[in-house]
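Visitor: got a predicted structure here, sequence first:
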Amino acid sequence: MTDTTAEMRLPTRDLQDDLAFFTGTLGMRLDRILPADDPRVAVVSGHGLRLRLDRDAAEPPGTIRILTDDPESFAGGLRVLAAPNGTRVEIDALDPPLTLPPTVHSFAVRRLSDRAPWIIGRAGMHYRDLVPDRLGGSLIASHIRIPQGGPVPDMVHFHKVGFQLIFCIHGWVDVVYEDQGPALRLTPGDCFIQPPEIRHRVLAASDECQVIEIGVPAEHVTEIDHDMTLPTPHLRPDRHWHGQRFVHNRAEGARWAPFRLPGYVCRDTTIAKNTGGVAGVQVIRPGPGHPVRARQDADIHFTYVLAGQVTLEADAHDPYRLEPGDAFVVPPELCTRLADPSEDLELLEVTLPGEFETELEPS
């Protein structure tokens with residue numbers, strides 16, 4: 001096997017000053033210097049980098065980011081430094097804590113007929129944004145499709161999130177998860193809750209596979225795990241990741257119960273229970289009674305139309321007749337009503353937190 005290495009070249013005007021900075025201040029080591037009588041090139045390495053300081057280099061000095069588990073004790077606690085050659089050095093946390101931005105509440109309706117663009121994202125999947133303002137960065141809701149079925153060019157990876165849901169609306173997709181046994185197939189009406197940092201890999205999908213993916217916060221890190229092989233040898237269905245358990249909820253054989261709003265029934269996906277109340281996910285259908293006006297105090301309240309039609313009425317807004325593929329978010333305390341549902345109506349509701357107060361207005 002051929003031995004190879006890579007170097008990043010940086011310009012230098014005063015090699016001795018730059019060597020003192022990179023070896024002394026940044027703690028890198030000197031690996032090579034030439035020529036001996038009047039050095040023009042020095043190679044230093046450390047922190048996963050190999051740098052070639054070259055007096056003949058013509059390119060600009062650039063920026064280096066060094067990630068450490070103790071930024072306060074690295075380079076005297078400075079977070080931004082400048083090398084004598086002009087290279088900017090940023091010091092940051094190796095594994096920064098997840099921060100959830102405060103929700104910027106809004107009332108928004110996204111229609112499939114709006115023809116929002118499909119963006120090609122990770123692993124060649126197509127994404128349609130369902131909440132364009134992303135509630136100030138607190139939520140991303142995506143309609144994802146895989147036009148051509150077969151193996152998916154995915155790698156073992158994980159997400160640094162507070163909450164993540166995958167809900168299948170068309171076709172099927174096979175995914176393998178850490179400590180959850182062999183590959184699991186998601187079919188229409190089924191969902192996964194992916195606890196924070198659980199390793200997983202999408203293996204294959206049917207033609208025109210489509211899912212709804214909800215992530216909190218909107219911008220979160222996806223990291224590739226090059227060392228783990230899936231499936232893992234142990235089956236641990238009760239394992240917790242950051243207080244949450246993996247859930248594979250199936251539509252087949254589900255039990256339906258009265259919903260919190262009259263006129264509807266629901267099936268609970270058990271996600272509120274298995275996330276410790278972080279989020280709740282329910283599928284809703286028409287049921288006994290008549291729809292009424294109501295308000296709720298959930299921080300995030302997202303709904304997607306899976307099938308059928310319904311009219312969304314909201315104070316100070318014109319009514320919307322919604323169809324499959326439409327989605328909406330409702331801010332806390334806005335009074336709304338889901339009126340005139342068709343018999344085949346089916347809605348996906350995602351709320352954070354999983355439990356919240358609902359106030360019904362008298363008929």
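Guide: On my side now, so go ahead.
Visitor: how close does residue 45 get to residue 52?
Guide: Distance from residue 45 to residue 52, counting by CB to CB, to the nearest Å: 10 Å. C-beta: built from backbone N, CA, C; applies to glycine.
Visitor: then residue 113?
Guide: 56 Å.
Visitor: so which residue is smack in the middle of the chain?
Guide: Centroid check for the chain by CA atoms, centre = their mean gives residue 215 as the closest residue, at 4.5 Å.
Visitor: for the helix or strand where it lies, packing partners?
Guide: Using DSSP states H and E, residue 215 maps to strand 209-216. Strand 209-216 sits against strand 140-146, strand 163-170, strand 300-307, strand 346-352, with contacts defined as 3 or more CB pairs under 8 Å, 6 or more residues apart in numbering; DSSP states H and E.
Visitor: that strand pairs with which strands, parallel or anti?
Guide: Sheet neighbours of strand 209-216, with direction, are listed as strand 140-146 (antiparallel), strand 163-170 (antiparallel) (DSSP bridges).
Visitor: following element in sequence after it, please.
Guide: Beyond strand 209-216 on the C-terminal side, the first helix or strand identified by DSSP H and E is strand 221-224.
Visitor: mind checking the pLDDT average for that following strand?
Guide: The average pLDDT within strand 221-224 is 92.
Visitor: so which residues make contact with that strand?
Guide: For strand 221-224, contacts defined as CB atoms under 8 Å, 6 or more residues apart in numbering pick out 122, 155-160.
Visitor: helices of the chain, start to end?
Guide: 15-19, 271-274 (DSSP state H).
Visitor: what separates the shortest one from the chain centre, distance-wise?
Guide: When you say that, I think you mean helix 271-274. Centroid separation for helix 271-274 versus its chain: 19 Å, with CA atoms, centre = their mean, to the nearest Å.
Visitor: name the strands paired with the lowest-mean-pLDDT helix or strand in the chain and say parallel or antiparallel.
Guide: Least confident helix or strand of the chain, by mean pLDDT, DSSP states H and E, is strand 119-120 with a mean of 82. Here strand 119-120 is paired, per DSSP bridges, with strand 126-129 (antiparallel).
Visitor: neighbour count winner among residue 113 and residue 52?
Guide: Taking neighbours as other CB atoms under 10 Å, residue 113 and residue 52 compare with residue 52 leading, 17 against 8.
Visitor: what bridges to that one?
Guide: Beta-bridge partners, per DSSP bridges, of residue 52: residue 9, residue 43.
Visitor: so it makes contact with residue 43?
Guide: Yes: using CB atoms under 8 Å, residue 52 is in contact with residue 43, at 5.2 Å.
Visitor: for these two, list the residues in contact with both.
Guide: residue 7.
Visitor: now residue 83: how far from residue 50?
Guide: Counting by CB to CB - residue 83 and residue 50 are separated by 16 Å.
Visitor: okay, now the unreliable bits of the stretch 51-200 of the chain?
Guide: Along the stretch 51-200 of the chain, segments meeting pLDDT under 70 span 122-123.
Visitor: strands of that one, start to end?
Guide: 63-68, 80-82, 88-93, 108-110, 119-120, 126-129, 140-146, 150-151, 157-160, 163-170, 173-177, 184-186, 191-193, 200-205 (DSSP state E, counting those that start in this stretch).
Visitor: follow-up on the earlier one: out of the contacts of strand 221-224, which is most surrounded?
Guide: The most crowded member of the contacts of strand 221-224, judged by other CB under 10 Å, is residue 158 (20 neighbours).
Visitor: gap between that residue and residue 240?
Guide: Counting by CB to CB, the gap from residue 158 to residue 240 is 15 Å.
Visitor: what are the C-alpha coordinates of stretch 111-125, in PDB please?
Guide: Extracted in PDB, the C-alpha atoms of stretch 111-125 (Å, rounded to 0.1, in the frame of the first residue of the first chain):
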ATOM      1  CA  ARG A 111     -48.900  24.800   0.000                       C
ATOM      2  CA  LEU A 112     -47.700  22.100  -2.300                       C
ATOM      3  CA  SER A 113     -49.200  24.200  -5.200                       C
ATOM      4  CA  ASP A 114     -46.800  27.000  -4.300                       C
ATOM      5  CA  ARG A 115     -44.200  25.000  -6.200                       C
ATOM      6  CA  ALA A 116     -41.400  25.700  -3.800                       C
ATOM      7  CA  PRO A 117     -38.100  24.500  -5.300                       C
ATOM      8  CA  TRP A 118     -36.700  21.100  -4.600                       C
ATOM      9  CA  ILE A 119     -33.100  21.400  -3.500                       C
ATOM     10  CA  ILE A 120     -30.600  18.500  -3.900                       C
ATOM     11  CA  GLY A 121     -29.200  17.800  -0.500                       C
ATOM     12  CA  ARG A 122     -27.200  15.100   1.300                       C
ATOM     13  CA  ALA A 123     -26.800  11.700  -0.400                       C
ATOM     14  CA  GLY A 124     -28.600  13.000  -3.500                       C
ATOM     15  CA  MET A 125     -32.000  13.400  -1.700                       C
END
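Visitor: tell me which residues of that stretch come out buried.
Guide: 111-112, 125 (16 or more other CB atoms under 10 Å).
Visitor: same check on stretch 307-323?
Guide: So for stretch 307-323, counting by 16+ other CB under 10 Å, buried means 308-310, 312-314, 322.
Visitor: same question for stretch 31-48.
Guide: Residues of stretch 31-48 classed as buried: 39, 41-46 (neighbour count, 16+ other CB under 10 Å).
Visitor: go ahead and confirm residue 91 touches residue 73.
Guide: No: look at residue 91 against residue 73 with CB under 8 Å: they stay out of range, at 10.3 Å.
Visitor: for the two, indicate the residue with more neighbours.
Guide: Per other CB under 10 Å, whichever of residue 91 and residue 73 has more neighbours is residue 91, with 20 against 9.
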